[in-house]
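Participant: Using only what follows, build the 3D model:
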Amino acid sequence: MLTFITLCLLTSQSSAATITADEIMHQVRKATGFSVNKLPATGLQLLGKGTYAGMPAKHEVLFNRDGHFMQSVTSKINTGMGYDGSQAWVRDLAGEQRIQELTDRRNTLFNGLLMTNLWIDAVSGMQYTLPADSLKEGVYSLSFIHQPTEMKGTVRIDAKTWLPVDCTVTVEGRKMTTKWSGSVEFQGMKFPQQIQAFSSNEGVEALTIETIQAAPTFVRNPYAALDVVPSDTVFDNTVPAELEVKRAKTGHLLVKPKVNGKHVGWFIFDSGAGANVLANSVIKELQLEQFGELPAVGIGGTVKTHFSRPDSLTIGRATLKQPLVIGLDMAFLDIPMGEYISGIVGYGTFHRCVVEMDMDKNIIALFDPKDYDQSRVNNRWQKLYQTARVSCVEAEFEGHKGIFKLDTGAAGSTVALHAPIVEKLKLLENRETSDSYAGGVGGMVKAKKGKLKYFQIADEKFENVEVTFATASKGAFNSADTMGNIGGELVKPFKLVFDYQNKRIAFVRRAGSE
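Facilitator: Okay, here's the model as predicted:
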């Protein structure tokens, strides 16, 4: 989602020797002329064109006096996000609609401030400081923290013209910078006309505002999430729910879907994958168009990927029509897995099905969410969280409770504690550890191996568990909103039941799995 900051020309300048952060922000508010009371009763609408995920796109932004906002992007991929005063939501890349939590919610709330003048409002929750020696080469650098989301960063202001230069925040080790130029005016308020957003993984998005006007009156609340599920999936209940499953040498469970009606090889079945994936070799074999560009974040860092849309993806009784998939070079997996790996079954499928998965018995079954038999879970439902299109659950270790990603793609792993949590809780102190590595998309990173006194999930306590302590400040293990990653080895005693559409998961312990 494009993030941009609406800042405006300032007309006065204070002494560099005496100016404070509050004075700078006072001048910003004065020069922009911004006041929520000036906004039309229906809100303000910004229309423009630019790019999204490396493709030409049309953008629409709405926001109102109450701080509600919505952004919609129309391209070869249609997406959007919004906030209605209570819930933050996203219409995701492949059409999935969901309420956002954890890092996703924080990003949406903060980005909503940045794409409107609401961020400069005195009650926005932004708190500024002016560090010593903040004036360099004619530019002030204001440090800030946004209290509601705990986002931290720097906004830079030209000391002569008072024009904002850029804004930078860091999210899970990735720097994201917004730059702007030009201006457009509405009822005495100025907004940027050209906006560019960059990230440290080289993603670039751009927007030029062409129209700024009072928002029209809508039949429905445009800031509220739509309660919809994707309509692109057909279930054939005459087909068995259980899939053909093979265990790889690494412990991963592999399945064999059809792409455009053709078997193209084995796919990893992975709750930790944020999309359905096809190997680039398969995309070439099927002569699928590739378009756009998306950074894919793995354990080892970030790699660039592209999109494709086959006519169909059939797995068991579920057929996804023209599904959006990501292309990746997957050849590095063939030797360790002992199979030619053609793709990954990930979020795009998990979101559309109820998934039963037994990592120990090599069983995977897919069901239509509309008619799933509840008796199969023995009333074991608990809340399923989601962030970055990955399933998450609540768990506890050594007196610390929090949210953990549940990643069946980490088949041989029990638990990996994320680097920010390892540092914050000083988990390596007075603990016997050894050197280790963790790997995946993006390569390998250094880590430590050691034991936890206990780890508890779904009322089950595992004692003296050997786990990984991440130490690298990059990649998927650099998350601060989730405490760690639960792998396939820890959940072997259970039948897992994922129900993304109803935001729930069940851990059903099998008889005799003590």
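Participant: so where is the stretch 151-300 of the chain shaky, pLDDT-wise?
Facilitator: 200-203, 296-300 (pLDDT under 70).
Participant: what do you get if the cut-off is 50, keeping everything else the same?
Facilitator: Where the stretch 151-300 of the chain drops to pLDDT under 50, the residues are 299-300.
Participant: Also the stretch 351-500 of the chain?
Facilitator: Ranges of the stretch 351-500 of the chain meeting pLDDT under 50: 441-442.
Participant: Pull up the gap between Leu44 and Ser124, please.
Facilitator: Between Leu44 and Ser124 the computed distance is 16 Å (CB to CB, to the nearest Å). Just so you know, the C-beta spots here come from the backbone N, C-alpha and C atoms, and that holds for glycine as well.
Participant: I should have written Ala480 there, sorry.
Facilitator: 22 Å.
Participant: Over to Lys424?
Facilitator: Counting by CB to CB, the gap from Lys424 to Ser124 is 27 Å.
Participant: all helices for the protein, in order.
Facilitator: Along the chain, the segments classed as helices by DSSP state H run 21-32, 102-114, 280-285, 334-337, 347-350, 419-424.
Participant: Who are the packing partners of the third one?
Facilitator: The one in question is helix 280-285. strand 325-328, strand 341-345 (3 or more CB pairs under 8 Å, 6 or more residues apart in numbering; DSSP states H and E).
Participant: Make a markdown table out of those and add distance to Met151 and mean pLDDT.
Facilitator: Output for these, formatted as a markdown table (distance: least, CB to CB, whole Å; pLDDT from 0 to 100):
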| stretch | distance to Met151 | mean pLDDT |
| --- | --- | --- |
| strand 325-328 | 27 | 94 |
| strand 341-345 | 31 | 97 |
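Participant: Relative to Ala472, which of the ones you listed is closest?
Facilitator: strand 325-328 (21.0 Å; CB to CB).
Participant: What is that closest one packed up against?
Facilitator: Right, strand 325-328 is packed against strand 277-279, helix 280-285, strand 291-298, strand 301-308 by 3+ CB pairs under 8 Å, 6+ apart.
Participant: what residues does the second one touch?
Facilitator: Helix 280-285 is contacted from outside by Val259, Val264, Gly265, Gln290, Ser308, Gly327, Leu328, Asp329, Met330, Ala331, Ser342, Gly343, using CB atoms under 8 Å, 6 or more residues apart in numbering.
Participant: Around Ser308, how many other residues sit close by?
Facilitator: Applying other CB atoms under 10 Å, we find 21 residues neighbouring Ser308.
Participant: for Glu60, that is, sorry about that
Facilitator: The burial count for Glu60: 17, using other CB under 10 Å.
Participant: How much space separates the residue nearest in space to the middle of the chain from Val303?
Facilitator: For the chain, Ala388 is the residue whose C-alpha lies nearest the centre (CA atoms, centre = their mean; 2.8 Å). As defined by CB to CB, Ala388 lies at a distance of 15 Å from Val303.
Participant: Please apply the same query to Ala411.
Facilitator: Taking CB to CB, one finds Ala411 at 21 Å from Val303.
Participant: out of the two, which sits in the busier spot?
Facilitator: Ala411 (21 against 16).
Participant: wait, that one sits on Gly487?
Facilitator: Yes: using CB atoms under 8 Å, Ala411 makes contact with Gly487 at a distance of 6.7 Å.
Participant: Greatest separation within the contacts of helix 280-285: which pair is it?
Facilitator: The most distant members of those, if one measures by CB to CB, are Gly265 and Gln290, lying 18.8 Å apart.
Participant: so where do the strands sit in the stretch 101-250 of the chain?
Facilitator: 126-129, 135-136, 139-146, 151-158, 164-171, 174-181, 184-186, 189-191, 194-199, 204-214, 233-235, 245-247 (DSSP state E, counting those that start in this stretch).
Participant: ugh, wrong one, I meant the stretch 351-500 of the chain
Facilitator: Using DSSP E, counting those that start in this stretch, strands in the stretch 351-500 of the chain cover 354-358, 363-367, 381-383, 385-387, 390-397, 400-406, 415-417, 434-440, 443-457, 460-470, 484-486, 494-499.
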